[in-house]
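In: give me the fold of what follows.
(chains A and B)
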Amino acid sequence: MRGMEIDVKVATILLKKAEPPLRSTRFSLSVEDGTDVEGLIGTLGVPPRLVGSVTVNKRRSPRDRVLAHGDLVAIIPAISGG
Amino acid sequence: MKRDLARAIRDAARNRREGDTDYLCLSLNAVRELASEFNSSTAAVSVHALENGFVPERYLKNAGTIGLEGQAALLGSTVLVVGAGGIGGHVVELLARLGVGRIDVADPDVFDETNLNRQVFAGEDVLGLPKVDVARDRVRAINSDVSISPIRLEVGRDNIAELLEGKDVVIDALDNLDDRLMLQEACRLHGVVMVHGAIAGSCLQATTVFPGDPGLTVFTPASGGEGKARGIEVEMGAPAATPAISAAVQVQEVLNVLLGRTPALRGRMLYIDLEDWTVEFFDLDEH
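Out: Purely as a prediction, here's the structure:
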């Protein structure tokens, strides 16, 4: 099965919270065909409860959206303190 | 009357040099005396002075970036600050010093000990007092040109319409996503710009939402709209510098909006992690 290449952008606070910690806020990643947003979060080891939103190609995306080759995925944390 | 005031202002003014610019300045005492003599407010005297090329000394250090016309515009502006906690307290103080003429600040809470680590109006002597009342007292001591209205209410769908009436801009200094989404929607309905800021630990985010912009709708509250969805701040807390910087970022955007300048954070969310100074912008546009 062919994999696909996607570009990922992760907010800095989630780098440290990922298990294992991520090293960079921007990177390219090969994922299996059929991977959805939720699957990507799992692959990266980011705790889902800390994710505020995921945008794909700069648009808000549901967690069950299947990714495509060349997609830009941004993982935005849940920050709401005041 | 106006001409007499104009002459009186000229007579009271003294020259001050800032770099290679000369300013004709009025001291605080001069402004007060003129207000008393002409049965006016210090704010009205200040606006008249600014519109005619004179600067109250309290605004002298604003002049280089805001200008005299801009300062007059700020004095004529009305702002609603929703939340008087970590972010909101700093926002109110900064707006008062900048000379925003009317500030409504809404918060139902009283100060408690856990606020002492970061909330600028929280002192040991005001624990148990309503935050908005303390804010009012502090603003009055800082800038008597400013009219401040303390609103000791929890902002919600039943009262937000009235609170938005006549506002030039709204600052979102709330503490949960559900209320923030409600506020953004209300601002959309009433055609008011909202400047959002939020914190968790050493991280802050900020964006400026014009009516109809997607803004915070990129987030879905985990609570599904029932209850108050909170994020990473539950475990990371709120050390003092973070809300102070969010407040300063938001106030700078408020300045842009009130002065008719391009808001730098419209359509994108600024993220800063103060621990290592990483800075990212996430687009909030939807094509």
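In: now do the end-to-end distance for stretch B:59-66.
Out: Stretch B:59-66 has its terminal residues 9 Å apart, counting by CA to CA, to the nearest Å.
In: and it, which residues are buried?
Out: B:59, B:62, B:63, B:66 (16 or more other CB atoms under 10 Å in any protein chain shown). (C-beta placed from N, C-alpha, C; glycine too.)
In: hmm, who's touching that stretch?
Out: The contact list for stretch B:59-66 (CB atoms under 8 Å, 6 or more residues apart in numbering or on different chains) reads B:16, B:18-19, B:21, B:23, B:25, B:46, B:50, B:55, B:70-71, B:74, B:98-99, B:255, B:259.
In: for that stretch, the averaged confidence score.
Out: The average pLDDT within stretch B:59-66 is 97.
In: gap between it and the chain center?
Out: Distance, stretch centre to chain centre, for stretch B:59-66: 17 Å (CA atoms, centre = their mean, to the nearest Å).
In: can you pull the contacts of residue 37?
Out: Picking chain A for this. Residue A:37 sits next to A:54, A:56, A:61, A:62, A:63, A:64, A:65, A:67, A:73 when contact means CB under 8 Å, 6+ apart.
In: switch to chain B, that's the one I care about
Out: The contact partners of residue B:37, taken as CB under 8 Å, 6+ apart, are residue B:8.
In: now it: how far from residue A:38?
Out: Between residue B:37 and residue A:38 the distance is 70 Å, computed by CB to CB, to the nearest Å.
In: helix or strand: which one has the closest residue to residue B:132 other than its chain neighbours?
Out: The shortest distance from residue B:132 to any non-neighbouring residue, by CB to CB, 6 or more residues apart in numbering or on different chains, is to residue B:150 (3.4 Å). Under the criterion of DSSP states H and E, residue B:150 resides in strand B:147-151.
In: how about residue B:251?
Out: Judged by DSSP H and E, residue B:251 forms part of helix B:241-258.
In: is chain A within reach of that helix?
Out: Yes - for helix B:241-258, a contact with chain A is found by CB under 8 Å from any CB of the partner chain, at residue B:243.
In: what about residue A:20, neighbour count?
Out: 7 (other CB atoms under 10 Å in any protein chain shown).
In: got phi/psi on the nearest residue to it once chain neighbours are set aside?
Out: Spatial nearest neighbour of residue A:20, chain neighbours left out: residue A:45 (6.2 Å); criterion: CB to CB, 6+ apart. Main-chain torsions, residue A:45, degrees, to the nearest 10: phi 80, psi 20.
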